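[1] this one's sequence-less:
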């Protein structure tokens, strides 16, 4: 009798053990799931914080001024300018023409005064008309670069190519005298000289200017 | 007291800075167009100021208008707007100085800002440049509207 009871209890204990094992396995699974979810949540929180910090950084960036911006903007402007200028038929020369032209010979201001007194050479003012009107060498002819062809036809075409021409008129931004002297030389005038020191040197020595 | 505070608020309002910003940007964009198309005449204008040495005149005549164009476009779109504002401010300081020097020297030249054949520079040209410079400084300090930054803060609120 006891033996049967014991067998029955033993079988019952076995059953309970199996049930509790099953429950343990299920609990284990649930625990693993929870841990996995917690880890995922942590990763997502970190990702969110990262995204917020990136956006904040970008927002701050638009307020800032970087030296690289200046380099980029100026570089882009430089590049565009050069490219458009190269393809523009009415473009400007990047390297000054006076560097590649043959330089004209110069004449000292005192020599020039002697020639002026003898009236043996023609004096040409190469500056734009506004500057010519303000002050020029007495007896000089205005031959600005812009109106070169026009005035040349009017006044210079009948000139003897051997006659001496003294050109003056430069400032820090434009070597008008060199450029006009070169143009005159390329029209066949053999005796073109540039006044050394220009109008300032002429005036310093008290030589005649008008008006 | 109240009127002073109101005036202060009105003067530092971002919408005023926006108006200045669009005005300066449009001005520079429009001014650069003629100069890009006629570089030879612009080079003459620069040479008339008698400040830049002869080897730099042509290079400046090419680069400056494009610089104005690029900065004008950046200011309008709001991309890198602050750097563009700084560059435009530097350009305006350069123009103001050049105008002042020419006025002191009594140089009979045209401003050359928009076209080659304009009227002679006068005190009004100088003050006009100073006003534009003041607008640019205002834009640098107070401009907040319609920038990419606002988009960012709206995105932030969603997150």
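    In hand now; what should we look at? Quantities reported herein were computed from a predicted structural model and do not represent experimental measurements.
[2] Can you say which helix or strand has the residue nearest in space to the middle of chain B in it?
    The centroid of chain B falls nearest to residue B:88 when counting by CA atoms, centre = their mean (4.5 Å). Applying DSSP states H and E as the criterion places residue B:88 in helix B:81-105.
[3] and that helix, how far out from the chain's middle?
    8 Å (CA atoms, centre = their mean, to the nearest Å).
[4] in it, what's buried?
    Of all the residues in helix B:81-105, those buried under the rule 16 or more other CB atoms under 10 Å in any protein chain shown are B:81-89, B:91-92, B:95-96, B:98-100, B:102. C-beta coordinates here come from the backbone N, C-alpha and C atoms, glycine included.
[5] of the residues you listed, list those near chain A.
    Among the buried residues of helix B:81-105, the ones lying near chain A by CB under 8 Å from any CB of the partner chain are B:81-84, B:86-87.
[6] Do you have the strands of chain A handy? List them.
    Residue ranges of the strands in chain A, as given by DSSP state E, are A:105-107, A:121-125, A:136-137, A:141-142, A:164-168, A:192-195, A:209-210.
[7] For the chain, give me the ranges with low pLDDT.
    By default, I'm working from chain A. A:62 (pLDDT under 70).
[8] hm, I was asking about chain B
    B:116-117, B:145-153, B:159.
[9] ok, now how distant is the closest residue to residue A:203 other than its chain neighbours from chain B?
    Take residue A:203 and drop its neighbours on the chain: the residue closest to it by CB to CB, 6 or more residues apart in numbering or on different chains is residue A:209, 5.9 Å away. Using CB to the nearest CB, to the nearest Å, residue A:209 is found at 17 Å from chain B.
[10] Check whether residue A:209 really touches residue A:139, as I assumed.
    No. The pair residue A:209 / residue A:139 is not scored as a contact, 10.0 Å apart, by CB atoms under 8 Å.
[11] which residues do those two both contact?
    When CB atoms under 8 Å, 6 or more residues apart in numbering or on different chains defines a contact, no residue borders residue A:209 and residue A:139 alike.
[12] residues touching the residue positioned nearest the centre of chain A, list them.
    The C-alpha lying nearest the average C-alpha coordinate of chain A belongs to residue A:78 (CA atoms, centre = their mean; 3.3 Å). Going by CB under 8 Å, 6+ apart, residue A:78 touches B:63, B:66.
[13] Residue B:46 too?
    Neighbour list for residue B:46: A:173, B:52, B:57, B:60-61, B:112 [criterion: CB under 8 Å, 6+ apart].
[14] Which residue is the nearest non-sequential neighbour of it?
    Once flanking residues are discounted, residue B:46 sits nearest to residue B:57: 5.2 Å by CB to CB, 6+ apart.
[15] Nearest spatial neighbour of residue B:51, chain-adjacent residues omitted?
    residue B:98 (5.9 Å).
[16] Output the strands of chain A as TSV; include the columns distance to residue A:203 and mean neighbour count.
    Converted to TSV, the strands of chain A look like this (distance: least, CB to CB, whole Å; neighbours: other CB atoms under 10 Å in any protein chain shown):
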stretch	distance to residue A:203	mean neighbour count
strand A:105-107	17	16
strand A:121-125	13	21
strand A:136-137	9	22
strand A:141-142	17	16
strand A:164-168	11	24
strand A:192-195	12	23
strand A:209-210	6	11
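[17] quick revisit: helix B:81-105 and whichever strand or helix holds the residue nearest to residue B:46, what's the angle between them?
    Counting by DSSP H and E, the element that carries residue B:57 is helix B:54-77. Put simply, helix B:54-77 runs at 140 degrees to helix B:81-105, going by axes from the mean of the first three to the mean of the last three CA atoms, to 10 degrees.
[18] Would you indicate which residues of helix B:54-77 are buried?
    B:54, B:57-72, B:74-76.
[19] From the contact counts, what lies against that helix?
    Judged by 3 or more CB pairs under 8 Å, 6 or more residues apart in numbering or on different chains; DSSP states H and E, helix B:54-77 is in contact with helix A:67-86, helix B:14-37, helix B:39-49, helix B:81-105.
[20] now the angle between helix B:81-105 and the longest helix anywhere in chain A, please.
    Taking DSSP state H as the criterion, chain A has its longest helix at helix A:2-63. Relative orientation of helix A:2-63 and helix B:81-105, computed by the same axes, to 10 degrees: 10 degrees.
[21] ok, back up a step: so what's the residue nearest to residue A:203 up against?
    Residue A:209 sits next to A:135-138, A:199, A:202-203 when contact means CB under 8 Å, 6+ apart.
[22] Which among those count as buried?
    Taking 16+ other CB under 10 Å as the criterion, what is buried in these is A:136-137, A:199, A:202.
[23] Tell me the one of the residues you listed nearest chain B?
    residue A:199 (13.2 Å; CB to the nearest CB).
[24] picking that back up, quick check, distance from the longest helix of chain A to the centre of its chain.
    For helix A:2-63 - counting by CA atoms, centre = their mean - the centre lies 63 Å from the chain centre.
[25] And that helix, what does it pack against?
    Judged by 3+ CB pairs under 8 Å, 6+ apart, helix A:2-63 is in contact with helix B:81-105, helix B:148-158.
[26] Residue 128: neighbour count?
    As the question left the chain open, I've gone with chain A. By the criterion of other CB atoms under 10 Å in any protein chain shown, residue A:128 has 21 neighbours.
[27] My question was about chain B, not that one.
    Neighbour count of residue B:128, defined by other CB under 10 Å: 17.
[28] what residues are up against it?
    Applying CB under 8 Å, 6+ apart to residue B:128 gives no contacts.
[29] and it, what element?
    helix B:123-142.
[30] Return the set of buried residues in that helix.
    Neighbour-count burial for helix B:123-142 [16+ other CB under 10 Å]: B:125-126, B:128-129, B:132-133, B:135-136, B:138-140, B:142.
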